[in-house]
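# mind folding the following:
(4 chains)
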Number of protein chains: 4
Amino acid sequence: MEGEIIPKLIAFFEKFPGIGPRQARRFVYFLAEESPVDIENFALLIGRFKNEVSRCKNCFRVFSAQGGEGRSDLCGVCANPSRDKSKALIVEKDIDVENIERSGVYGGIYYVLGGLLSPLRPENQERLRLRELFNKIERSGEISEIVLALSATTEGDMTARCVERILEPFTKKGKIKISRLGRGLSTGTELEYSDRDTLRSAFENRK
Amino acid sequence: MEGEIIPKLIAFFEKFPGIGPRQARRFVYFLAEESPVDIENFALLIGRFKNEVSRCKNCFRVFSAQGGEGRSDLCGVCANPSRDKSKALIVEKDIDVENIERSGVYGGIYYVLGGLLSPLRPENQERLRLRELFNKIERSGEISEIVLALSATTEGDMTARCVERILEPFTKKGKIKISRLGRGLSTGTELEYSDRDTLRSAFENRK
Amino acid sequence: MEGEIIPKLIAFFEKFPGIGPRQARRFVYFLAEESPVDIENFALLIGRFKNEVSRCKNCFRVFSAQGGEGRSDLCGVCANPSRDKSKALIVEKDIDVENIERSGVYGGIYYVLGGLLSPLRPENQERLRLRELFNKIERSGEISEIVLALSATTEGDMTARCVERILEPFTKKGKIKISRLGRGLSTGTELEYSDRDTLRSAFENRK
Amino acid sequence: MEGEIIPKLIAFFEKFPGIGPRQARRFVYFLAEESPVDIENFALLIGRFKNEVSRCKNCFRVFSAQGGEGRSDLCGVCANPSRDKSKALIVEKDIDVENIERSGVYGGIYYVLGGLLSPLRPENQERLRLRELFNKIERSGEISEIVLALSATTEGDMTARCVERILEPFTKKGKIKISRLGRGLSTGTELEYSDRDTLRSAFENRK
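Next up is the predicted model:
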């Protein structure tokens, strides 16, 4: 007789980003091929997850403190004394931090906003850590520069404008400087398909 | 200090079908957004998996017996008295069974081969349950027809030929009849792009 | 001072199937790279086109009679005595004829309908040579079988039903037999993605 | 009897950029549907092409002088007194000029190089108007700035370096200044997928 566990597991996998019903089923059939030892290890990792993985109090990145003994509130970047604490790079999500760290072009601190504003989904605004950002800048004596590193999309621009407005009290007083990442030709772009804004910035930033 | 659990979880997710490093990371960040209750439920489901999910002894489909009390060796299809036990439809994988069941065109039993032969990956042959299939036909008094329902690809055709050869002892004696699913225009196919084999079969099967 | 010829040529190229403004411009720039001799040859070919290319009176295929001396009304297929004149294969367009001829699976005559019915574009019906088809069957003493070789799409099915209805007077009297190309798995199809109709036909046509 | 014109026309259409055998056939069948008047107009346009379309002596853009009476050697941009003759924007092809003109971000003169260098196709180098560029800068008293507006691809970068080397005699003497369009996030780019070079430039060009 068929039990309930397969539908329940499929339903949970369907919540994963980018995973629909078909992929979710494939995941369950994949697990059925794994050895009992591997499945048990997987269950143990998931079991440890909530205790060992948390968000940095400073920049809200996801990180895991060492093996459960005590809990550090700061991720590896924020706790690293050689990082430039005067700069905060605001990104949409954790994967953006990874990409920038891998590029090696930035040595300051991050701030993970948690999402982007969207004209189609106004409810997104609640997920963004805007209030926390305001409070953080207000209390901080160290941060003198904010760099907005959001995607060059409608949502990204909309979010950038919103952050600039929210932090206006500080920029007006000259407490912090805010900038956005520069526009121009990105690697692989063909000139033939570049739009006006890209071309304008590329022309202005010529060197 | 950064612990080990994030890399370990990413590594496990990378084993999932169709999931690369980037998607695996997204899964971990997704889990970080889930509530502790949801994460715990997920861990419990994975924990129950090996005890409650198994492969049918008859057709090797993945199924789950009822809530762990006793264990049935037969899946819902094989245990259903109104299925036509004289027919066995040989498929590559569990998802194929689902697709055919959903179509409602077949009322017999299945047999999940577990993979396809591949000229590029000869090691695949070990995953196919060919010996078990031979033994099953040898011992069975009920099965009189085998239908090969494999993909119309090079690997599918190669596998079909292999199964036909393996079961030749039985077809020669007239114990079973083997057929392959018919070729022709599949839904959505434009005539302009149909190849010779498809056109030939479509012409022969005209009605 | 800029003249008019470039915009006019771009406008004509934009009428070509599948060609938008950007591709049309690329064509003009391509012509600017060609030698004057090549351009002149191209102009000559276009100039000869209407005199030397016409539609077969029998099957409406596009063909070209020999170099302008006299004009044959029949294409190479219809004029070939070894073709089986008792069979007429109805297709949507000329490219379908080419594809079937290249496959070598058919030895009868063709009939190019000129388009397909479309629920979204009812005006298409005028382009179809339905009346001519009716008259042709009425007058013909040779044709005993009609095979509908239309795409396995909504439009193709809609058109097939329409042709069957139009030719009902003849099928009822037993003058002709009508059939449609068989459905089933087309080359390259994976079973996992096959829909119900395809699976049903594939199962019925198993061999 | 089948004549030759269809294969010849298909062969010519196959030379068009992005057009393969299948598309070329579709073009011929499309022409067969056009009215004799339209076909004749098309032939006339092609016939006029070589006389009325030429390349600007100054920037090598394709343009057409007015209706055949007299022939101007300069395109509309080069002949326009209000264009800034001190700037020359070097592009790969005519379509790039169109894109930049449409964006309205540039008011100087252009120079169409005619192609890009390619590591895989060294023979491309002959198509580039590099010698003409050198001579042009040598003779010109007006040009003080060269902007390289080539695609941000391997071929584009390779070509940009080549042009910079060729024009070194002039930059060393301070006769001209050379710059490349700035890199950064192009419109629509998501930060998650941006590579190191793009991120580096975007960070350096922040404002």
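# by how many degrees do the longest helix along chain A and helix B:36-52 diverge?
Across chain A, the longest stretch assigned as helix under DSSP state H is helix A:36-52. Here the directions of helix A:36-52 and helix B:36-52 differ by 170 degrees (axes from the mean of the first three to the mean of the last three C-alpha atoms, to 10 degrees).
# what comes up buried for helix A:36-52?
By neighbour count on 16 or more other C-beta atoms under 10 Å in any protein chain shown, the buried set for helix A:36-52 is A:I39, A:F42, A:A43, A:L45, A:I46, A:G47, A:R48, A:F49, A:K50, A:E52. Every residue, glycine included, has its C-beta placed from N, CA and C.
# can you check stretch A:107-115 too?
A:G108, A:I109, A:Y110, A:Y111, A:V112, A:L113, A:G114, A:G115.
# of these, which belong to strands?
A:G108, A:I109, A:Y110, A:Y111, A:V112 (DSSP state E).
# hmm, back to that, and the longest helix of chain A, how far out from the chain middle?
25 Å (C-alpha atoms, centre = their mean, to the nearest Å).
# for chain A, longest strand please?
Max-length strand for chain A by DSSP E is strand A:84-91.
# is the longest helix of chain A positioned near chain B?
Yes - Helix A:36-52 reaches chain B (C-beta under 8 Å from any C-beta of the partner chain) through A:36, A:38-43, A:45-50, A:52.
# kindly report the domain assignment for chain A.
In terms of domains, chain A is parsed into A:5-48, A:83-204 (source: automatic domain parsing).
# could you tell me the end-to-end distance of the longest one?
Criterion C-alpha to C-alpha, to the nearest Å; first-to-last residue distance in domain A:83-204 is 31 Å.
# if we can go back for a sec, CA atoms only: put the longest strand of chain A into PDB for me.
Backbone C-alpha positions of strand A:84-91 (Å, rounded to 0.1, in the frame of the first residue of the first chain) are rendered in PDB as follows:
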ATOM      1  CA  ASP A  84      38.100  48.000   5.100                       C
ATOM      2  CA  LYS A  85      35.200  48.900   7.600                       C
ATOM      3  CA  SER A  86      34.700  52.300   6.100                       C
ATOM      4  CA  LYS A  87      33.000  50.900   3.000                       C
ATOM      5  CA  ALA A  88      29.700  48.900   2.900                       C
ATOM      6  CA  LEU A  89      28.700  47.300  -0.400                       C
ATOM      7  CA  ILE A  90      25.000  46.800  -0.600                       C
ATOM      8  CA  VAL A  91      23.900  43.700  -2.500                       C
END
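# buried sites along the helix or strand that that strand is followed by?
Remark: after strand A:84-91, the chain's next helix or strand is helix A:94-103, criterion DSSP states H and E. For helix A:94-103, the neighbour count (16+ other C-beta under 10 Å) marks A:D94, A:I95, A:D96, A:V97, A:E98, A:N99, A:I100, A:S103 as buried.
# could you do stretch A:20-31 as well?
Of the residues in stretch A:20-31, those buried (16+ other C-beta under 10 Å) are A:Q23, A:A24, A:R25, A:R26, A:F27, A:V28, A:Y29, A:L31.
# just those residues: which are in helices?
Per DSSP H, those map to helices at A:Q23, A:A24, A:R25, A:R26, A:F27, A:V28, A:Y29, A:L31.
# A:S144 and D:D94, how far apart?
Counting by C-beta to C-beta, to the nearest Å, the gap from A:S144 to D:D94 is 48 Å.
# which residues in chain A form helices?
A:5-13, A:21-33, A:36-52, A:94-103, A:130-139, A:154-166, A:168-172, A:196-204.
# for chain A, which spans come out with low pLDDT?
A:1-3, A:66-71 (pLDDT under 70).
# closest one of the buried residues of stretch A:107-115 to chain C?
A:G115 (34.0 Å; C-beta to the nearest C-beta).
# please report how far the closest one lies from C:F134.
63 Å.
# just give the nearest non-adjacent residue to the spatially most central residue of chain A, would you?
Most central in chain A under C-alpha atoms, centre = their mean is A:K93, positioned 1.1 Å from the mean C-alpha point. Excluding the flanking residues, the one nearest A:K93 by C-beta to C-beta, 6 or more residues apart in numbering or on different chains is A:V112, at 6.4 Å.
# OK, contacts around that neighbour?
Going by C-beta atoms under 8 Å, 6 or more residues apart in numbering or on different chains, A:V112 touches A:C59, A:F60, A:R61, A:V91, A:E92, A:K93, A:D94, A:D96, A:V97, A:R129.
# and with 7 Å instead?
A:C59, A:F60, A:R61, A:V91, A:K93, A:D94, A:V97 (C-beta atoms under 7 Å, 6 or more residues apart in numbering or on different chains).
# shouldn't the first one be in contact with A:G108?
Right, the one you point to is A:C59. No - under the criterion of C-beta atoms under 7 Å, A:C59 makes no contact with A:G108, lying 10.3 Å away.
# in JSON lines, list the buried residues of stretch A:20-31 along with distance to B:D195.
Output for those, formatted as JSON lines (distance: C-beta to C-beta, whole Å):
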{"residue": "A:Q23", "distance to B:D195": "29"}
{"residue": "A:A24", "distance to B:D195": "33"}
{"residue": "A:R25", "distance to B:D195": "30"}
{"residue": "A:R26", "distance to B:D195": "28"}
{"residue": "A:F27", "distance to B:D195": "34"}
{"residue": "A:V28", "distance to B:D195": "35"}
{"residue": "A:Y29", "distance to B:D195": "31"}
{"residue": "A:L31", "distance to B:D195": "37"}
